[in-house]
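In: The following block contains a protein sequence and its predicted model.
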Amino acid sequence: SQKIEQNSEALNIQEGKTATLTCNYTNYSPAYLQWYRQDPGRGPVFLLLIRENEKEKRKERLKVTFDTTLKQSLFHITASQPADSATYLCALYYNQGGKLIFGQGTELSVKP
Amino acid sequence: DAMVIQNPRYQVTQFGKPVTLSCSQTLNHNVMYWYQQKSSQAPKLLFHYYDKDFNNEADTPDNFQSRRPNTSFCFLDIRSPGLGDAAMYLCATSRDRGGTVGSYEQYFGPGTRLTVT
């Protein structure tokens, strides 16, 4: 079965630095990949989507890359702020099966 | 604002006592999902509705049932809650299921935290 790995250790960075979060997967590449933000006790909020034929996607301070050779997506937050502190989930969509499969998320903490 | 609403936000039930969680949406989306999320774990899909078409995940226990009486509302029924069912239950919607037709993000409600005593 498909396995998604996100760094289970929390990422602690200083305000203003770039945060980079990793999402690795096994077996087949998904049709597309999504990133969500989840605050404690709340539901996930959609951030970005990238398709298998796209290398990079940007939205304001956010950037996502997708490398199907490495079977990896990287999620970057530039000029990070304490308000960016949250858990970030990656989710993979496969046409076969027709559903999103979520990773367990990486907790990001941005210190002032 | 269009949104996904879940009630109640916190629910305490006794071991074996049936409980129903509710979800409503004002987005007019075709697809509604129920996820179970335990602490520091990935959201786990239990089932979803595409319009009135119910799609159960193979590993969802029979203890979990769902109803969608209309486009706006969806319910999660846990017939006999066990201690292992204590979790956050998330309802989500999307315009379609994605795939070759399109790729659609999911909109989540705030969740219902279920405690089983």
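Out: Sure thing, it's come through. Being a predicted model, the structure only gives us computed values, none of them experimental.
In: Could you report the pLDDT at the residue nearest to A:E15 when sequence neighbours are not counted?
Out: Nearest in space to A:E15, with sequence neighbours left out and distances taken as C-beta to C-beta, 6 or more residues apart in numbering or on different chains, is A:P112 at 5.1 Å. Where C-beta positions appear, they are placed from N, C-alpha and C, glycine not excepted. Per-residue confidence at A:P112 stands at 94 (pLDDT).
In: Can you name the residues of chain B sitting close to chain A?
Out: Contact residues (C-beta under 8 Å from any C-beta of the partner chain) of chain B with chain A: B:4, B:40-45, B:48, B:88, B:90, B:92, B:97-100, B:103, B:105-111, B:113.
In: let's see 7 Å
Out: Proximity of chain B to chain A is confined to B:40-43, B:45, B:90, B:97-100, B:103, B:105-106, B:108-111 under the rule C-beta under 7 Å from any C-beta of the partner chain.
In: OK, contacts around residue 80?
Out: If you meant another chain, say so; for now it's chain A. Contact analysis of A:S80 by C-beta atoms under 7 Å, 6 or more residues apart in numbering or on different chains lists A:I13, A:E15, A:G16, A:K17, A:T18, A:A19, A:V110.
In: You answered for a different chain; I wanted chain B.
Out: Applying C-beta under 7 Å, 6+ apart, one finds that B:S80 lies in contact with B:G16, B:P18, B:N63.
In: ok, now with 6 Å
Out: B:G16, B:N63 (C-beta atoms under 6 Å, 6 or more residues apart in numbering or on different chains).
In: and it, helix, strand or coil?
Out: Recorded secondary structure, B:S80: coil (DSSP: H, G, I helix; E, B strand; the rest coil).
In: Narrow the residues of chain B next to chain A to just the buried residues.
Out: Applying 16 or more other C-beta atoms under 10 Å in any protein chain shown to those, the neighbour count classes B:42-43, B:45, B:90, B:97-99, B:103, B:105-106, B:108-111 as buried.
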